[in-house]
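Trainee: Return atomic coordinates for the entry below.
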Amino acid sequence: MSRGGEFAHGWPLLATGAMGNLAAGNVALFFGLSSFMEPLQTEFGWSRTAIGLALTCLTLAVSLAAPVVGRLVDRHGGRRVALWSLPSAALGIAGLSLLGGSLVVFYVAYVFVALLGAGTLGLVYVPGISATFDRHRGLALGIAFAGAGLAAFLFPLLLTPVIAEWGWRAGWLVLAALPLLQWVLVATQMPAFRMTPTASLAPRTPGMGVPAAQALRSRRFRLLCGVFFLLALTLSGLVVNLVVLLRDHGLGASAAAGVASMVGVGIIVARIGAGWLCDRWFAPRVALGICAAAAVGCLCLMLADLRAVSAGALLIGLSVGAEMDLLALLVSRYFGLLAQAEIFGMTYAAFNAGAMVSPLFIGGLQAMTGSYVPALLASAVACVLAGALVSRLGPYPRFSPSQ
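Mentor: Reported below is the predicted structural model:
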């Protein structure tokens, strides 16, 4: 199918996937939380650390749920899973508007959305997009995952005036409306696609891929988990600590914020750019370039020079923005479409594990040494190691649709 044919045929699914990544329950709770920090502090006297712990609960619960959701998507199709899960996510987010002063209830609400709303994760849309787009699969996945980047940009702009005018409880209701709007999109625009009713038990079929159990035993699966664990281990913590790191370099608050914004620029560019490159070049080579860029970015952040740290922040942003696109694409190319959602869910869990440990890794090294330099050096080494693992993936198997 030509490029025009793929996009002409698949644009409704692509638009649904992009909106789905924006309206996902975990995305709403992750990118929306910063807008609620100050109101929750004022209302209940909670510390920012205590409020931020909700994100750890969210990440842990998503890591546990993602492989299960992936299996359900392969067996029953993403449309059915999303239609059941989106109302649960909306209910959980809306419930946050009823918060009293209990941190435990706050954490439970985040876990509720992560578990029962796990069917809103971006992986729900990956199999259908991968099956619809072959030649331009990287670009298509990049466009779909760009929805999460758009959420990071839009949510503060949307929530700040709402909270200022009607209070923080109204802010949660606005976020709760997004999964309900997405439910309408899924019901009307998303086809009932699935590979097979028993994907994980089906025999290996040329052009389709391998069962999840077979993938789990493979060297390539372990390599992919290692690559994305290492990238998440370094990059997530650097993004969280970036403003403080820049202030330690002597930058003023406005200058540090300006440099940190380069991360956002990099994420937006990489969301689509990485997929576009993977459609033209061998994807592991693109991944190797991303690992190298991340390592150089870490080294640039060690320099007390505005241009150097700006370049470093941009390179970190490019690396962060490319992660999900590359993960989804590499899973589809190395393991095929047969059990793609379940395999993606398992590698995504490894990625999330790295993201959970990352702030402790970066912050702990800084606390032990009194400087971010050792943490940046260790991060650069970890990125180089991730690149070394990428280089061992080898050529795509024969069942890959690109062959």
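
Trainee: Next, count neighbours for Ala304.
Mentor: Using other C-beta atoms under 10 Å, Ala304 has 10 neighbouring residues. Every C-beta, even on glycine, is put in place using the N, C-alpha and C of the backbone.

Trainee: secondary structure class for it?
Mentor: Three-state call for Ala304 (DSSP: H, G, I helix; E, B strand; the rest coil): coil.

Trainee: Please report the distance of it from Ser310.
Mentor: Ala304 sits at a distance of 12 Å from Ser310 (criterion: C-beta to C-beta, to the nearest Å).

Trainee: One more: Asp248?
Mentor: According to C-beta to C-beta, Asp248 stands 16 Å off from Ser310.

Trainee: and those two? which has more neighbours close in?
Mentor: Taking neighbours as other C-beta under 10 Å, Asp248 and Ser310 compare with Ser310 leading, 19 against 16.

Trainee: For that one, which residues are in contact?
Mentor: Contact analysis of Ser310 by C-beta atoms under 8 Å, 6 or more residues apart in numbering lists 259, 262.

Trainee: Which residues belonging to the one helix or strand it maps to are considered buried?
Mentor: Take DSSP states H and E as the rule and Ser310 turns out to sit in helix 306-335. Neighbour-count burial for helix 306-335, with 16 or more other C-beta atoms under 10 Å as criterion, is recorded at 309-335.

Trainee: for stretch 27-37, same thing?
Mentor: Neighbour-count burial for stretch 27-37 [16+ other C-beta under 10 Å]: 27-33, 35-36.

Trainee: Dump these into JSON lines; add pLDDT as well.
Mentor: As requested, the buried residues of stretch 27-37 are exported to JSON lines (pLDDT from 0 to 100):
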{"residue": "Val27", "pLDDT": "84"}
{"residue": "Ala28", "pLDDT": "87"}
{"residue": "Leu29", "pLDDT": "86"}
{"residue": "Phe30", "pLDDT": "81"}
{"residue": "Phe31", "pLDDT": "78"}
{"residue": "Gly32", "pLDDT": "82"}
{"residue": "Leu33", "pLDDT": "80"}
{"residue": "Ser35", "pLDDT": "81"}
{"residue": "Phe36", "pLDDT": "85"}
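
Trainee: out of the residues you listed, which one sits closest to Leu123?
Mentor: Of all the buried residues of stretch 27-37, Leu123 sits closest to Val27, with 12.5 Å by C-beta to C-beta.

Trainee: and that closest one, what does it touch?
Mentor: By C-beta under 8 Å, 6+ apart, Val27 lies in contact with 21, 147-148, 151.

Trainee: Listing request: residues of the chain with sub-threshold pLDDT.
Mentor: 1-4, 192-207, 240, 253, 257, 261, 264, 399-403 (pLDDT under 70).

Trainee: how about the strands of it, start to end?
Mentor: For the chain, applying DSSP state E gives no strands.

Trainee: which one is the most centrally placed residue in it nearest to, not counting chain neighbours?
Mentor: Nearest residue to the geometric centre of the chain (C-alpha atoms, centre = their mean): Met324, 5.4 Å. Distances taken as C-beta to C-beta, 6 or more residues apart in numbering place Phe145 nearest to Met324, at 4.7 Å, with adjacent residues excluded.

Trainee: now do Leu154
Mentor: Leu22 (7.6 Å).

Trainee: For that neighbour, list the residues it contacts.
Mentor: 147-148, 150-151, 154, 178.

Trainee: Now render those as CSV, adding neighbour count and distance to Arg135.
Mentor: Shown next, in CSV, are the contacts of Leu22 (neighbours: other C-beta atoms under 10 Å; distance: C-beta to C-beta, whole Å):
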residue, neighbour count, distance to Arg135
Gly147, 23, 22
Ala148, 23, 24
Leu150, 17, 25
Ala151, 22, 28
Leu154, 12, 31
Leu178, 26, 32
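
Trainee: Could you export those residues to a markdown table, including columns for distance to Leu121?
Mentor: Formatted as a markdown table, the contacts of Leu22 follow (distance: C-beta to C-beta, whole Å):
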| residue | distance to Leu121 |
| --- | --- |
| Gly147 | 12 |
| Ala148 | 10 |
| Leu150 | 16 |
| Ala151 | 13 |
| Leu154 | 19 |
| Leu178 | 14 |
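
Trainee: Sort out which one of these lies nearest Leu91 for me.
Mentor: Leu178 (12.9 Å).

Trainee: and the nearest residue to the closest one once chain neighbours are set aside, how many residues sit next to it?
Mentor: Leaving aside its sequence neighbours, Leu178 sits nearest to Ala23 (C-beta to C-beta, 6+ apart; 3.9 Å). Neighbours of Ala23 under the rule other C-beta under 10 Å: 26.

Trainee: Isn't Ala23 up against Gly117?
Mentor: No: assessed by C-beta atoms under 8 Å, Ala23 is found out of contact with Gly117, at 10.5 Å.

Trainee: Could you name every residue contacting both of those two?
Mentor: Taking C-beta under 8 Å, 6+ apart as the criterion, Ala23 and Gly117 both touch 86, 179.

Trainee: tell me the phi and psi of Ser47?
Mentor: Torsion angles at Ser47 (phi, psi; degrees, to the nearest 10) stand at phi -80, psi 160.

Trainee: Return the residues in contact with it.
Mentor: So Ser47 contacts Gln41 (C-beta under 8 Å, 6+ apart).

Trainee: Repeat the analysis, applying 10 Å as the threshold.
Mentor: Residues in contact with Ser47 (C-beta atoms under 10 Å, 6 or more residues apart in numbering) are 40-41, 53, 103.

Trainee: again, but for Leu53
Mentor: Listed by C-beta under 10 Å, 6+ apart, the contact set of Leu53 reads 46-47, 103, 106-107, 110.

Trainee: Since that was my last question, I'll sign off now.
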